[in-house]
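K.L.:
prediction below, plus the sequence it came from.
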Amino acid sequence: QVQLVESGGGLVQAGGSLRLSCAASGRTFTMGWFRQAPGKEREFVAAITWSGGSTYYADSVKARFTISRDNAKNTIYLQMNSLKPEDTAVYYCAARLGGKISADQREYAYWGQGTQVTVSS
């Protein structure tokens with residue numbers, strides 16, 4: 001069983017930055033970030049393989065967000081720059097046991113509880 005705990009959310013003005021962290025309790029492979037805005041379905045944000053050698057981003061965050069991982073700490077990060085009000089959402093960390101990178105949330109078996117990110121205009 002893998003447990004994921006996110007941290008780092010908060011309130012920030014448009015144009016600002018935040019860094020989210022997700023600590024995993026067990027061995028994981030590909031991990032990702034998803035988000036859910038009020039009244040909307042949960043959507044893919046970014047994913048990273050275990051080695052960190054491959055990453056994948058949603059078009060809406062490409063060039064603004066960076067996903068990374070520190071396997072020694074069993075932690076992944078999401079550095080979010082140039083934040084926009086439309087980035088406001090609950091951000092979830094997820095892990096899958098397979099190594100293939102994926103944007104499909106159905107392929108992720110483990111989920112964190114989420115952390116709120118609010119971007120004011």
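P.N.:
Arrived safely.
K.L.:
next up, the contacts around Gly26.
P.N.:
1-3, 74 (C-beta atoms under 8 Å, 6 or more residues apart in numbering). Using the backbone N, CA and C atoms, a C-beta is placed for each residue, glycine as well.
K.L.:
out of these, which is nearest to Gln105?
P.N.:
For those, the closest approach to Gln105 (C-beta to C-beta) belongs to Val2, at 15.6 Å.
K.L.:
before we move on, what SS does the closest one have?
P.N.:
coil (DSSP: H, G, I helix; E, B strand; the rest coil).
K.L.:
how close does the residue nearest the centre of the chain sit to Lys62?
P.N.:
Closest residue to the average C-alpha location of the chain: Trp33 at 2.3 Å, with C-alpha atoms, centre = their mean. From Trp33 across to Lys62, the span is 13 Å (C-beta to C-beta, to the nearest Å).
K.L.:
before we move on, which element is Trp33 in?
P.N.:
strand 31-36 (DSSP states H and E).
K.L.:
now do that strand: everything it contacts.
P.N.:
So strand 31-36 is contacted by 20, 22, 24, 42-48, 67, 69, 76, 78, 87, 89-96, 102-103, 105, 108, 114, 117 (C-beta under 8 Å, 6+ apart).
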